[in-house]
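Peer 1: Got a sequence here, can you model it:
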Amino acid sequence: MEETHIAIYIICDDLIKTLKLIDNPQCVMTTSEVMAFTIISANLSAGNHKKGRWILKHVRYFPKILSESRLNRRIHGIPWSVWLIIFKILSFIFIRKNEMCEYAVDSFPVSFCAKRRINSERPHTQKLVKRSVVADKLLKQLSVAS
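Peer 2: Numbering: from 1, shown residues only. You can find the predicted model right below:
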């Protein structure tokens, strides 16, 4: 896994150098480090930057890591075109690396806010409330039957 993270950083750094994007000399983290942090954080902690920041700081991948708000500003400051290019490159590499081509897809439906939505609707939308109640009853019947 460590080799994968190093490869992600190197690819991000090479892309930034190829596109000739220049960082401010006062910045604590370079743009390639911010991009690598974002991708690795998405991989390790499902996109939770706060948890990813904590993990990557304690593993010492990024010793001088930015605060949450500053890191978020830097992530959103990177142009979309750069993100699209890096995702295309990484997807090409990791698809080629995956020899078995087997993927796990989670398709188990979980309802979590059906009741809350029904009770919080406005009283003048009676049709929507009735549909929601019927859908909720149907969902319960389906979950009991299966």
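
Peer 1: how does this structure divide into domains?
Peer 2: The chain breaks down by automatic domain parsing into domains covering 2-97, 114-145.

Peer 1: Below-threshold pLDDT in this protein: ranges please.
Peer 2: Counting by pLDDT under 70, the chain has low-confidence residues at 101-146.

Peer 1: Out of the domains of the chain, which is the most enclosed?
Peer 2: Counting by mean count of other Cβ atoms under 10 Å, domain 2-97 has the highest mean neighbour count of the domains of the chain, with a mean of 14. Backbone N, C-alpha and C define where each C-beta goes, glycine included.

Peer 1: Look at that one and report the distance between its end residues.
Peer 2: The distance separating the two terminal residues of domain 2-97, taken as Cα to Cα, to the nearest Å, comes to 15 Å.

Peer 1: Next: stretch 44-63.
Peer 2: Per Cα to Cα, the first residue of stretch 44-63 is 17 Å away from its last.

Peer 1: Run through who's touching it.
Peer 2: With Cβ atoms under 8 Å, 6 or more residues apart in numbering as the test, stretch 44-63 has contacts from 5, 29, 33, 37-38, 40-42, 65, 68, 71-72, 75.

Peer 1: go with 10 Å
Peer 2: When contacts are taken as Cβ atoms under 10 Å, 6 or more residues apart in numbering, the neighbours of stretch 44-63 outside the stretch itself are 1-2, 5-6, 9, 28-29, 33-34, 36-43, 64-68, 71-72, 75.
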